[in-house]
Structure formats: structure tokens, C-alpha cells
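*Asks:* How does the following fold in three dimensions:
(one chain, ligands or ions: 2)
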Amino acid sequence: MASELQALIFDVDGTLADTERDGHRVAFNAAFKEAVLDWVWSEALYGELLAVTGGKERIRFYLEKFNTEFEKPVQFDEFVAALHAAKTRHFVEMMGRGEIPLRPGVERLIREARAAGLRLAIATTTTPANVEALVSSTLGSDALQWFEVIAAGDIVPAKKPAPDIYEYTLEKMGLAADQCIAFEDSLNGILSSQGAGLKTVITVNGYTCHDDFTGAVVVLDQMGEPDAPCRVLQGDIDMRYLDLAAVSSLFQA
Ligand code: XBP
Ligand code: MG
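*Replies:* Ligands and ions are numbered 1, 2, ... in the order given. Reported below is the predicted structural model:
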């Protein structure tokens, strides 16, 4: 018999909010400028850099693939860590100024799930301070308590697409994969959630709309709102917007 849905597990970047192009990318560039580096990550280049999750990992990937001339300092790990810490500071400041809203339907669905007594968690590769800043600037500081597990950043050594962050979340919640559903926006995200055995709802964004989402329970352009419907891009369901009834039927299907 199929298990009953117990919990919703959300990715952050690209899923709760469109943070990559106008948030993380801008914060990286601000950190580079502050460190007097002439690196500028354009919107197009950043799309390629997103192949690697995690900010520190992304900086290394950039130097390996796109800026091979750069002479690495002797204390390279410390250099990357300091650059990334500055980037996090910029990102947190941007969230504090309310620069990035939640995506359509996210707050509505979270509130509906809470009201229905479902359990909530976050599984992301981003730094914990970024999640705190985004959630409290958009939903209020009390909203951090709504998520019983916030699994983020370096808490597991292998970031997405490895399943580790979802496996960690499930273990902390004491739940099995077939009792939960994940919300993701990218190929690396769904590889991670499906690797942990989770059914996954996808909402795409500009950087991920051409990713391969084979196996997703549904692919939407956004969660949508009653007055601003979503589009179903993949999946056999007719829906105006993603509410808990739709999530439950996708989970049971
Ligand atoms: C998100 C990421 C993160 C952010 C930056 O991936 O790849 O690295 O871009 O965060 P996902 P940090 O949405 O699949 O979790 O710089 O704090 O690492
Ligand atoms: Mg994401």
C-alpha cells in the first residue's frame, strides 16, 4: 500500500526564489570587485558555471575551466574561503534589503501545507546564512521555525547532484523517501532528490528550462497563483496552480 504524504522538502535556489542570476551571481561579482579581481561573471557565463553546485566549488570550477591563466595564490583554500565569505556577506545584505521575492505560489503552498499539519524541511547546497536571510526577509523571522530541518551547505561533504543532502534530511526527520515529496528546479537538484528515492515536483527557471527532468512527477513553469496560472510543461495533469490537493494527487499517482 502506498504511504501517506507526511512532508514537503524544498530546495532553495531557483525553487523558493529566483536567486541565481540576480542574487548569487551579483554577490559573487561584488566579492570579486572587493578583492580587486577583474573577474566578472556574466549572465551567460553563470549559466555554465551552474553545472557545479556550491559557491566555493563554483569558484574552483571557474578557474579550472574558464580562467586558467589566473595564478593561484599559495594559500589557495583560504583564498577561496575568504572570497566565498565575502560573497555570502553580500548575498545576505541583498536579502536583508528584500531584493529577491519568493516565486509565485511558494508562500501559498507552504502556508497551506502548514495548516494541513504536513511537516516541512529544506535541502539545499547553499550556505545556511543565505537560507536564513531569504526565509526571514520574505516570510518573517518566525518562519525559520516552520522548517523542522534546514539541511544546507557543507553539512554533507558531497553536494547535489549527490543524494546526500536529501538522505540527511530524511534521516533527521525519521521519515522514508516514500513519505515525502521534493521540490526542485534543476537537473542537479532532481538527480539528488531522485537519488534519495524522492518523488519530485519541478518548477523551472531561465537557467534550467532545458534541463532533462525525466522521472519528475510534474514539470511546471512556476507553482502559479489562482489569478496567475502555471503552465504544465511535462506530466499528465491539468492544473491552474499547484495547491496541496494537486501535490497529494501527484504524490499518490
Ligand atoms: C544552489 C547552488 C548554490 C548557490 C550558491 O544549488 O548551487 O551553490 O548557487 O550558494 P541547489 P553558496 O539549488 O541545487 O541547492 O555560494 O552559499 O554555496
Ligand atoms: Mg535549485
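
*Asks:* Quick one: distance of the helix or strand hosting residue 166 to the chain centre.
*Replies:* Per DSSP states H and E: residue 166 is located in helix 164-173. Helix 164-173 sits 15 Å away from the centroid of its parent chain (C-alpha atoms, centre = their mean, to the nearest Å).

*Asks:* Return the residues in contact with the residue in the chain positioned nearest to ligand 1.
*Replies:* Nearest to ligand 1, among the residues of the chain, is residue 55, at 2.1 Å (C-beta to the nearest ligand atom). The way it works is simple: take the backbone N, C-alpha and C, and place the C-beta from them, glycine included. For residue 55, the contacting residues are 24, 28, 84, 87-88, 126-127, by C-beta atoms under 8 Å, 6 or more residues apart in numbering.

*Asks:* so what secondary structure elements neighbour the one helix or strand residue 188 maps to?
*Replies:* Residue 188 is located in helix 187-195, with elements delineated by DSSP H and E. Helices and strands touching helix 187-195, by 3 or more C-beta pairs under 8 Å, 6 or more residues apart in numbering; DSSP states H and E, are helix 164-173, strand 180-184, strand 199-203.

*Asks:* tell me the angle of that helix relative to helix 164-173?
*Replies:* Helix 187-195 runs at 40 degrees relative to helix 164-173, counting by axes from the mean of the first three to the mean of the last three C-alpha atoms, to 10 degrees.

*Asks:* Just the CA trace of helix 187-195, in PDB.
*Replies:* Provided in PDB are the C-alpha atoms of helix 187-195 (Å, rounded to 0.1, in the frame of the first residue of the first chain):
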ATOM      1  CA  LEU A 187      19.000  18.800 -13.200                       C
ATOM      2  CA  ASN A 188      21.500  18.700 -10.300                       C
ATOM      3  CA  GLY A 189      18.500  19.100  -7.900                       C
ATOM      4  CA  ILE A 190      16.400  16.300  -9.300                       C
ATOM      5  CA  LEU A 191      19.400  13.900  -9.600                       C
ATOM      6  CA  SER A 192      19.900  14.500  -5.900                       C
ATOM      7  CA  SER A 193      16.300  14.100  -4.800                       C
ATOM      8  CA  GLN A 194      15.600  11.100  -7.100                       C
ATOM      9  CA  GLY A 195      18.900   9.600  -6.000                       C
END
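
*Asks:* ok, back up a step: quick one: the helix holding residue 166 near ligand 2?
*Replies:* No: figure legend: helix 164-173 not in contact with ligand 2 (C-beta under 5 Å from the ion); closest approach 11.2 Å.

*Asks:* just stretch 202-213 next, same as before
*Replies:* No: using C-beta under 5 Å from the ion, stretch 202-213 stays clear of ligand 2, coming no nearer than 7.8 Å.

*Asks:* Buried ones in that stretch, by neighbour count?
*Replies:* 202-205, 207-208, 211, 213 (16 or more other C-beta atoms under 10 Å).

*Asks:* want to throw those residues into a markdown table with distance to residue 33 and pLDDT?
*Replies:* Converted to a markdown table, the buried residues of stretch 202-213 look like this (distance: C-beta to C-beta, whole Å; pLDDT from 0 to 100):
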| residue | distance to residue 33 | pLDDT |
| --- | --- | --- |
| 202 | 34 | 98 |
| 203 | 32 | 98 |
| 204 | 31 | 98 |
| 205 | 26 | 96 |
| 207 | 23 | 96 |
| 208 | 27 | 97 |
| 211 | 30 | 96 |
| 213 | 36 | 98 |
